[in-house]
Every structure is written in structure tokens, then in C-alpha cells.
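# Please find the sequence and the predicted model below.
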Amino acid sequence: MDKKPSHQEQSRHQEQNQDQEQDLAALASLSPFELKDRLIAAASGTERLMLNAGRGNPNFLATLPRRAFLALGDFAVSESERSYSYLDSGFGGLPEQKGMLGRFNAFVVHDPQREGLHFLRSAVSYVHDQLGLDREAFLEEMVTAFLGCIYPTPPRVLPQTQEVLRAYLGQELFGGQIPAGAVDVFPTEGGTAAMTYIFSSLAVNGLITPGDRIALATPIFSPYLEIPLLPDYGLDVVQVVMDESADWQLPNTELEKLLDPAIKVFCLVNPSNPPSAKQPQAVLERLARLVADQRPDLIIITDDVYATFADDFVSVFAVCPRNTLCVYSFSKYFGATGWRLGTIALHQENVIDDLLDALPAGEKQRLNARYSSLTTDVPGLKFIDRLVADSRSVALNHTAGISGPQQLQMVLFALHGLMDRLDRYQDAAKALIRGRYNTLYRNMGVAPTPAPDDVGYYSLIDLRKLGSRLYGDEFAAWLVSREDLGLRFLLRLASETGVVLLPGKGFDVVVPSVRVSLANLTDFEYRAIGAATRRILEDYHRSFTEGG
């Protein structure tokens, strides 16, 4: 006969259960990216291999623009050495633009098979023929940028660089229809810096104040949920909820929330993170009509980091250019998270500059004092340039902007996209992540069912839907009745199988769900993740059938 637990043992078990529940409550309050570290610790506790599909750092990258960077570096250093060739101590000087194009062509002739040099020669031809840039001015800017020997001038963006970035963003975000010279670009240290700068400048310029409302298209990248609540901003968040049953489109009833004049800013990630679905043209058109007809004062922030993985993508920036700040990053598509390369783009005729002009006299006086060291015409200082100044506490505006080498690598990435006429790199990137999607779901025991607007960089695994497809609706209802299901599932997955994913709840997904990145592991490893997910669900199903 089983021995009945003593009162002391019962108390100890109760204390352990209370500790576990308190620990779960504490974990549930963490950002998904902070929770990731706890999951990694749980997954790393045994001899088995840990599979971390939490963060979205890709395990692929573009090699050709990197080869071009190195090849240009060889030429740039040789140009520098021309100035002080009589010294024998490794001296170089500032490169001379006069005659540089001829010397570059001779440099290429000496090594015609070098892949990076062929790319560079094509790039010099392309920017002249397609963008109307002076070949020698472009080449001199790129050489100087590589050497990093001069403060970037102007501080916001090098002039030839801006023209290339305008063309690239036009191709990838505007469907190729971006008007020449109509968009200002501010290169930043990745998309995260872009987000930080935008919120900070909106606040210091009095365009958002504590208590104002901000609308977020949810689910959304978790920092967009966290930043507005910081004491620096103190914003009231209104959720504009995507419809999961309609492939995460924004329904009309949710878009109508933007009619509230108290909402100053609307943020969305498109394609979404984590559902990885783009907003279709019909939604973009409805939003454009709403803004034009009823909310011409609305500021929109669109984060289009995953745009280049989508088919036939068109940004909100394209349909609402006057109202939109556009954030784009080169990090994911080109495998360049360590380079920290992002952009903020803003139309030259925009609502933010209009709102600055309409500020009360007292606010204008305050801002005159803030920016008076930069210009005698503070009212004429555009918001894009205030972003630059604010990013360096105004006083260091003259040394703002990202480094020359960073701007050069960004240009080479952009030219890689512009000159890839057959879309070979883009098609390969799409095929890679979509193949992993299929592998993951097949090994979970269900047929892959991507929707037409799915991108696939991430997949949001809806535990309710997955449980229903595997074992029926009754089991799915039982499964979602488990308290903190998503968090408990993640902890079990990590500790029992070594697989690390992120909670959907951390991105404001309502249903119990987990986010898996399809960018950072091998096809073989996604098979293992699918099988591990299925194994945990099988264990839940045993508990269900046994009345647990």
C-alpha cells in the first residue's frame, strides 16, 4: 500500500509548486528576447545539441557585394598610397578624384577574372546609365568611404549613396514607381536605431506627449509594444488587431479605430512579425483612403524589414507617402545583422513637417533654443534633419550619421539588388526559407498550408490549430484551457528536447502560440524542431486521453 505523504512533505510540495508558479509569472512578464536567455539555459542543461530558432539572425548571406567591398578596398588603399609613395612607413594620403576612373579601369584590367571587380565595374556603369550619376564622383565617394578617412559629409548621408538608396527602396518598396529625388534617406545603425531615433525625435519635437494615443497593428515586433509605455513617452496604446482567419489582414473594423483624432501615430510591421504575412493591396488602398479623406494628420511608421522576402511587395509608404516614415533594414535579406545597416526614409513633402509648422508659439520657441546652434532658420529645419541632430544630442550633429565603410557596404548591397535583373539571389532566399517552412510542418505531422500573402521568414505556430489538426477540436479546446500554455510549452520544449522558440504572447498574439524563425538553422534541424514539437503535443494528448 502506498505510504501517505506526511504533512511536512505535503508542505514542501506546495512550496515547490508555489515557487514554480511564481517563477512562471516572472517569466511571463519578460520581453520575448529576454525570456530567450532563460530558455537557452534550460535547453543547454544536457549533452544534447541545442537548436535555437528564437532570434531571426539568418544563416545565409550575400557574398558578391562583400567580395566587391574587399576588391574596392584594394583599389582604395592603392589610391591612398599614391600620395606618399616616397615614404616607407605605411603612409597613405587622401585619394585624388582627378583621373581616378582611368586608374580604376586599369586596375580592373590587371585582374579581369576577380568577381568583386567585375561587380564594381558593372556598378560604375549602372549608376551612370540608370541613375544619371557621374562615374568619377561616385567612384571617389566609394573609395573615400572605404578608407574612412573623412567625416561623412553631409552627416546624414553621402550624396551619391542617397541616390542609390532611393533607387533601391523604390524598387523594393514602391514597386519601382518612386519619383526621383522625392524621398530623403537617413542611414542608421540598423532598424533598431531607426525605431529609437523616430520615437525620440517625435517626443522632443512635441509631436507625441505623455497621454497621447498610439495605434499598433498587432501582432507586432515586441519593442513596438514596449517603447510607447516607457516613462519617456507614456503613450496610451490602441491595438489595431490583424485577423488571423484572414491571413493576418487588417480588417475594416480595426482600421476604423484610426478615425479617433486622439491617435497621433500608427505603427505596423509589414510583412508582419511574427505572422510573416504582407498586407494585400486592398488593405493598403483602404488605409490610403481613410488617411486622405479623414486622417490627413496621422503619422504612420511602417517597418518593412521583411519586404524583400515577399512577392510583389508594395509598402504603405508607397500609398501614403505624405504621412509615412519608412524603416528598412539590410540585416535580414543580406545576412548583415552584424553590420548594423538600416534606413529611415521620409517623403520631402510630409505631414510631420506640416505639424511642426503648426506647433504653438511656445513650443516653437522651445525648439528654436534646442536647434539654434545648427541654423538661423529653425522653423525651416526638416524633421529628417532633426532626426539626425537628435541622434547625436544636437551638439554633435556635425559628426552624426553612420561611418563611411557602413554606407559603402549598404550601397553595394543595394546595387546587388538593383543589378540582379534575373532576381537570382532573391529567388534563392525565398526558396530557402519557404522550403524550411514545408519541412517544419511536415515533421509536425500536418500538411503545409501557406497563404498567398505569407512570406515565411517566421512561422507562428498556433498551438490550438495544430492540436485540432492533429487530434481534433475537443483536444484543442482542452489544450488551450491549460493556464500559461504557451510559456509552459516553450519551457518543456527547451528542457526536454533542447529546442528554443519564442512566445507569441510577447508579440501580442492573443492565441497560445510560439514563434519559430525559419532563417537561422538547416533543413535537417527544422525536421528535428518539427518532430520535437509533435512529441510534446503527443505527451499533452496522452494526458488528455487519460483525463489529466
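Ah, there it is. Remember, it's a predicted structure, so these values are computed and weren't measured experimentally. Residues are numbered from 1 along each chain as shown.
# contacts and neighbour counts: CA atoms only from here.
Fine.
# hang on, L268 is in a strand, isn't it?
Yes - counting by DSSP: H, G, I helix; E, B strand; the rest coil, L268 is found in a strand.
# any idea how far A288 is from it?
Counting by CA to CA, to the nearest Å, the gap between L268 and A288 amounts to 14 Å.
# ditto for P271
For P271 relative to A288 (CA to CA), the value is 17 Å.
# same check, this time on L147
44 Å.
# Spatially, which residue comes closest to V480, not counting chain neighbours?
Spatial nearest neighbour of V480, excluding adjacent residues (CA to CA, 6 or more residues apart in numbering): R464 at 6.2 Å.
# wait, doesn't that neighbour sit right on A477?
Yes - between R464 and A477 there is a contact under CA atoms under 8 Å: 7.3 Å.
# In terms of neighbours, single out the busier of the two.
Taking neighbours as other CA atoms under 10 Å, R464 and A477 compare with R464 leading, 20 against 14.
# Return the per-residue confidence for the more buried one.
At R464, the predicted lDDT confidence score is 93.
# do M1 as well
According to the model, M1 scores 42 on pLDDT.
# Give me the three-state assignment for V157.
coil.
# Surely it touches A400?
No - using CA under 8 Å, V157 makes no contact with A400, being 9.4 Å away.
# What is the burial count for the nearest residue in space to E140 that is not next to it in sequence?
Sequence neighbours aside, Q97 is the residue nearest to E140 in space, at 5.7 Å (criterion: CA to CA, 6+ apart). Q97: 16 surrounding residues under other CA under 10 Å.
# same deal with A358?
11.
# Next one: it from W248, what distance?
On the measure of CA to CA, A358 and W248 end up 36 Å apart.
# where are the low-confidence patches of this structure?
For the chain, the stretches flagged by pLDDT under 70 are 1-25, 27-29, 45-49, 178-181, 548.
# centroid residue for it?
V305 (3.9 Å; CA atoms, centre = their mean).
# the strands in this structure, which residues?
51-52, 183-188, 213-218, 236-241, 263-269, 299-303, 324-329, 342-347, 458-462, 499-500, 502-503, 513-517 (DSSP state E).
# Could you say which one of those comes nearest to L374?
strand 183-188 (17.6 Å; CA to CA).
# Hmm, A137 and the residue nearest to E140 touching each other?
Yes - applying CA under 8 Å, one finds Q97 in contact with A137, separated by 7.4 Å.
# L284 contacts A318, correct?
No - using CA under 8 Å as the test, L284 is too far from A318 to be in contact (9.2 Å).
# Correct me if wrong: A307 contacts P271.
Yes - assessed by CA under 8 Å, A307 is found in contact with P271 at 6.1 Å.
# out of those two, which sits in the busier spot?
Neighbour count, other CA under 10 Å: between A307 and P271, P271 has more, with 30 against 25.
# Return the distance of the closest residue to T375 other than its chain neighbours relative to R370.
Excluding the flanking residues, the one nearest T375 by CA to CA, 6+ apart is L381, at 7.8 Å. Distance, L381 to R370, by CA to CA: 12 Å.
# now do F146
As judged by CA to CA, F146 and R370 stand 34 Å apart.
# the more surrounded of those two?
F146 (24 against 17).
# That one contacts A76, doesn't it?
Yes - with contact defined as CA under 8 Å, F146 reaches A76; the gap is 7.0 Å.
# thought V388 was touching H398?
No - here V388 lies out of contact with H398, judged by CA under 8 Å, at a distance of 9.5 Å.
# overlap in contacts of these two?
Counting by CA atoms under 8 Å, 6 or more residues apart in numbering, the contacts common to V388 and H398 are P155.
# Those two: who's more crowded?
It is V388, of V388 and H398, that has more neighbours when counted by other CA under 10 Å, with 26 against 17.
# which residues of the stretch 401-548 of the chain fall in helices?
404-419, 424-444, 463-471, 473-480, 485-497, 523-545 (DSSP state H, counting those that start in this stretch).
# For the last one, name the packing helices and strands.
Under the contact definition 3 or more CA pairs under 8 Å, 6 or more residues apart in numbering; DSSP states H and E, helix 523-545 sits against helix 424-444, helix 473-480, helix 485-497.
# Any chance of TSV for those, columns distance to A62?
Listed next are the helices and strands packed on helix 523-545 as TSV, based on distance: least, CA to CA, whole Å:
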stretch	distance to A62
helix 424-444	8
helix 473-480	42
helix 485-497	31
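# Of these, which is nearest A43?
Evaluated with CA to CA, the helices and strands packed on helix 523-545 place helix 485-497 nearest to A43, the distance being 4.4 Å.
# how about N397, what does it touch?
Neighbours of N397 in contact, by CA under 8 Å, 6+ apart: P155, L374, V388, A389, D390, S391.
# ok, now how distant is it from K364?
20 Å.
# same check, this time on G99
G99 is 49 Å from K364, by CA to CA.
# Tell me which of these two has more neighbours.
Counted by other CA under 10 Å, G99 and K364 do not tie: K364 has more neighbours, with 18 against 9.
# and the residue nearest to that one when sequence neighbours are not counted, how many residues sit next to it?
Spatial nearest neighbour of K364, excluding adjacent residues (CA to CA, 6+ apart): P379 at 7.6 Å. When neighbours are counted by other CA under 10 Å, P379 registers 15.
# Let me know whether P379 touches L355 as I believe.
No - counting by CA under 8 Å, P379 sits too far from L355 to count as a contact (11.2 Å).
# phi, psi of D377?
phi -120, psi 70 (degrees, to the nearest 10).
# Number of residues surrounding it?
D377, neighbours per other CA under 10 Å, totals 10.
# now it: how far from F383?
Counting by CA to CA, the gap from D377 to F383 is 13 Å.
# if I look at L381 and R370, which residues touch both of them?
By CA under 8 Å, 6+ apart, no residue touches both L381 and R370.
# now the helices for the stretch 251-400 of the chain?
252-255, 281-294, 316-319, 351-357, 361-371, 383-390.
# Which one, of these, ends up nearest to L493?
helix 252-255 (34.6 Å).
# Which parts of that closest one count as buried, going by neighbours?
For helix 252-255, burial by neighbour count (16 or more other CA atoms under 10 Å) applies to L255.
# Next, count neighbours for the closest residue to A145 other than its chain neighbours.
Spatial nearest neighbour of A145, chain neighbours left out: G404 (4.0 Å); criterion: CA to CA, 6+ apart. Using other CA under 10 Å, G404 has 24 neighbouring residues.
# Would you agree G404 is in contact with P155?
No - using CA under 8 Å, G404 is not in contact with P155; the gap is 10.2 Å.
# Now the common contact residues for these two.
With CA under 8 Å, 6+ apart, G404 and P155 have no common neighbours.
# for A137, what are its contacts?
Q97, Q160.
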